[in-house]
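[1] The following block contains a protein sequence and its predicted model.
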Amino acid sequence: MEKAAVQGDGLLIPLIDFSKFLNGDETQKLETAKAILKGFQTAGFIYLKNIPITTETRSHVFGTSAELFKLPVDTKLSYAWTTPQANRGYSAPGREKVSLLTDSSEVEKVRTAAPDIKESFEIGREGELDHPNHWPAEEGELVGFKATMTDFFDQCKALHVEVMRAIAVGMGLEPGFFGGFVDVGDNTLRLLHYPAVNRDVFKINPGQVRAGEHSDYGSITLLFQDSRGGLQVRSPNGQFIDATPIADTCVVNAGDLLARWSNDTIKSTIHRVVEPPHGDVDVHPPRYSIAYFCNPNFKDHIEALPGTYATEADKKYDGINSGDYLVQRLTATY
Ligand SMILES: O=C(O)CCC(=O)C(=O)O
Ligand SMILES: [Fe+2]
């Protein structure tokens, strides 16, 4: 029986030992795959422990990320995020307003009211000639930045492939069903820094958050959080529940395109980042997290998975190109 990582108000996010899928016997593989699928179908979120990414790798990547955000603002701005098509580079606080709004003018109104207190740096697949990554100059503490991040990118890409394999097994599809959909690695590694913030800020403006409520867009997101807390996931009843950090786990959530692909049998659940729950401080220390947003290959056509509908009439959505879908969603949020 798997333990719950998070439980409250009808939301149960399971804590799953992924090594039992990767290295277990046939029974353990199947049971783990089913638990993973069930987590995505009910909560839209799971926590995975015993993933192949080591604690050392993880802390090295977090350390390297912190060094990047220490750079002077002007330097960071010289690596600025440019377009949804490229989706690479630095976003200063307030640049992106993640929200549920899809109309850019509405997004603009919300953004000016209470911008998210965060900055981020996006890294895409290497080798996309039209969209090079905005690598920082490798000086001082940033020597080795590119190697660290591309290596981590590749490890996350491999984890995406394995989680999709588990979903396929859970659904009773061929284990390799998604293989040809996720092999390119059209994914985005996003380093996130939520700067230290006075507690007053949250008191003065009750609407203030570190990251506004939203769902993610792609297949799944691998989320690595530090120990600060503040991430919350919306329950089926509409209440936000703390997704408390658990050391050495990876939080994995399904995105909107996977929900659509599964004919809404899998949930893409709303989440946000708010004032951390730890009591009596005047200043909340900075929070770092790393999100790896996975997508089906941008060239792929995505339509309802086998087994998720009985007749053509049960298909809730038209097929859509993966890359077009992402660009559409990013265009509305930046
Ligand atoms: O920082 C976090 O814990 C969550 C970030 C997130 O949800 C996102 O960037 O989509
Ligand atoms: Fe998210």
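    Right, received. Where do you want to start? Ligands and ions are numbered 1, 2, ... in the order given.

[2] Nearest to ligand 1: which residue in the stretch 101-250 of the chain?
    residue 231 (4.2 Å; CB to the nearest ligand atom). To be clear about C-beta, it is placed using only N, CA and C from the backbone, and glycine gets the same treatment.

[3] For the closest residue to that residue other than its chain neighbours, grab the count of nearby residues.
    Counting by CB to CB, 6 or more residues apart in numbering, residue 231 lies nearest to residue 243, which is 4.4 Å off, once chain neighbours are set aside. By other CB atoms under 10 Å, the residues close to residue 243 number 24.

[4] Next up, the contacts around residue 243.
    Going by CB atoms under 8 Å, 6 or more residues apart in numbering, residue 243 touches 5-6, 13, 45, 231-233, 251, 271.

[5] Show me what residue of the protein gets nearest to ligand 1.
    Of all residues in the chain, residue 289 sits closest to ligand 1, at 3.5 Å by CB to the nearest ligand atom.

[6] hey, what's that residue bridged with?
    residue 192, residue 225 (DSSP bridges).

[7] my read: it touches residue 221, true?
    No - counting by CB atoms under 8 Å, residue 289 stays clear of residue 221, with 10.9 Å between them.

[8] Let me know the pLDDT of residue 274.
    The model reports residue 274 with a pLDDT of 95.

[9] Just give the nearest non-adjacent residue to it, would you?
    residue 209 (5.1 Å).

[10] Give me the distance between the one you found and residue 238.
    As judged by CB to CB, to the nearest Å, residue 209 and residue 238 stand 16 Å apart.

[11] First residue to last residue on stretch 239-258, what's the distance there?
    End-to-end distance for stretch 239-258: 23 Å, by CA to CA, to the nearest Å.

[12] Surely residue 323 is in a helix?
    Yes - under DSSP: H, G, I helix; E, B strand; the rest coil, residue 323 sits within a helix.

[13] List the residues that contact it.
    With CB under 8 Å, 6+ apart as the criterion, the residues that contact residue 323 are 186, 295, 298-299.

[14] Output the below-cut-off pLDDT ranges for the chain.
    Within the chain, the segments meeting pLDDT under 70 span 1-2, 95-113, 279.

[15] Tell me the secondary structure at the spatially most central residue of it.
    A centroid search over the chain (CA atoms, centre = their mean) returns residue 221, at 3.3 Å, as the residue closest to the centre. Judged by three-state DSSP, the three-state class of residue 221 is strand.

[16] How about it: which residues does it bridge to?
    Going by DSSP bridges, residue 221 forms beta bridges with residue 253, residue 293.

[17] Going forward, count from 59.
    Happy to do that; since the first residue is 59 now, the last one works out to residue 279.

[18] Report the contact partners of it.
    Per CB under 8 Å, 6+ apart, neighbours of residue 279: 310-311, 313, 349-352.

[19] same thing but 10 Å
    Residues near residue 279 by CB atoms under 10 Å, 6 or more residues apart in numbering: 103, 218, 245-246, 248, 273, 308-313, 316, 326, 329, 349-352.

[20] Verify the stated contact: residue 207 with residue 125.
    No - with contact defined as CB atoms under 10 Å, residue 207 and residue 125 do not form a contacting pair (11.6 Å).

[21] okay, the two: which has more neighbours?
    Taking neighbours as other CB under 10 Å, residue 207 and residue 125 compare with residue 207 leading, 23 against 15.

[22] isn't there a helix covering the more buried one?
    Yes - the assignment for residue 207 by three-state DSSP puts it in a helix.

[23] Next step: the contacts of residue 381 restricted to strands.
    Among the contacts of residue 381, DSSP state E puts none in strands.

[24] ranking these by neighbours, who comes first?
    That'd be residue 353 among the contacts of residue 381, by other CB under 10 Å, with 26 neighbours.

[25] List the residues that contact that one.
    Contacts of residue 353 (CB under 10 Å, 6+ apart): 218, 239-240, 242-246, 275-278, 313, 315-316, 360, 380-381, 383-384.
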